[in-house]
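Chemist: Quick one: sequence plus predicted model below, questions after.
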Amino acid sequence: MGYERAGALNPVELRYFEMEHTQEAVAAIQESRVTAIIVGTQSGLSIPELLRAIQWQGKRIPEDLSVVCLEDEALAENMLRPLTSITFDINTAADWAAKTLINKLEGRQTDVEQVILPPKLIVRDSTIPQS
């Protein structure tokens, strides 16, 4: 519901790019004319290399393109321009996984559970509000 209300006020077009080559990613960003990207650290892209290539193409971060880093808090925090990031409580996930594994190894019945880890948004210098 919140997503729908926000979308009514600020239309959002979602695009998903799965690529491992920086130039391919930069070309896709340029062609789609997006104003924000979320970059996952599992994508195979070097985030610093991607940011340099975007800036080399004349895009300013965050003035022209907001950048959010998904799941790599250390990387996001230690960039020359610290990146806004979305993180998850990995300790809770690890604790749940360890308990489930131990129960299974010890022969205890374990039901399949869905665990929802609430995301945490940490706003830094790579995003600005849409004007």
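Modeler: Received it, and whenever you're ready, just let me know what you need.

Chemist: so is Ser85 in a helix, a strand, or just coil?
Modeler: Of the three states, Ser85 takes strand under DSSP: H, G, I helix; E, B strand; the rest coil.

Chemist: Surely it touches Asp72?
Modeler: Yes: using Cβ atoms under 8 Å, Ser85 is in contact with Asp72, at 7.2 Å. Every C-beta, even on glycine, is put in place using the N, C-alpha and C of the backbone.

Chemist: So Ser32 versus Ile47, what's the distance?
Modeler: Distance, Ser32 to Ile47, using Cβ to Cβ, to the nearest Å: 19 Å.

Chemist: Of these two, which one has the most company?
Modeler: Legend: neighbour count by other Cβ atoms under 10 Å for Ser32 and Ile47, higher for Ile47 (19 against 12).

Chemist: Once you drop chain neighbours, what's closest to that one?
Modeler: Among residues not flanking Ile47 along the chain, Val39 sits closest, at 5.6 Å (Cβ to Cβ, 6 or more residues apart in numbering).

Chemist: who touches the one you found in this structure?
Modeler: By Cβ atoms under 8 Å, 6 or more residues apart in numbering, Val39 lies in contact with 45, 47, 50, 67-70.

Chemist: Return the list of helices and strands in contact with the helix or strand containing Ile54.
Modeler: If you go by DSSP states H and E, Ile54 is part of helix 47-56. If you count contacts as 3 or more Cβ pairs under 8 Å, 6 or more residues apart in numbering; DSSP states H and E, helix 47-56 packs onto helix 22-32.

Chemist: Let me know the average pLDDT across the helix or strand following the helix it packs on.
Modeler: The helix or strand immediately downstream of helix 22-32 is strand 36-40, counting by DSSP H and E. Averaging pLDDT along strand 36-40 yields 85.

Chemist: Sheet-wise, list the partners of strand 36-40 with their directions.
Modeler: strand 66-70 (parallel) (DSSP bridges).

Chemist: Tell me if I am right that Pro62 is in a helix.
Modeler: No: going by three-state DSSP, the assignment for Pro62 is coil, not a helix.

Chemist: show me what contacts it?
Modeler: Pro62 touches 125-128, counting by Cβ under 8 Å, 6+ apart.
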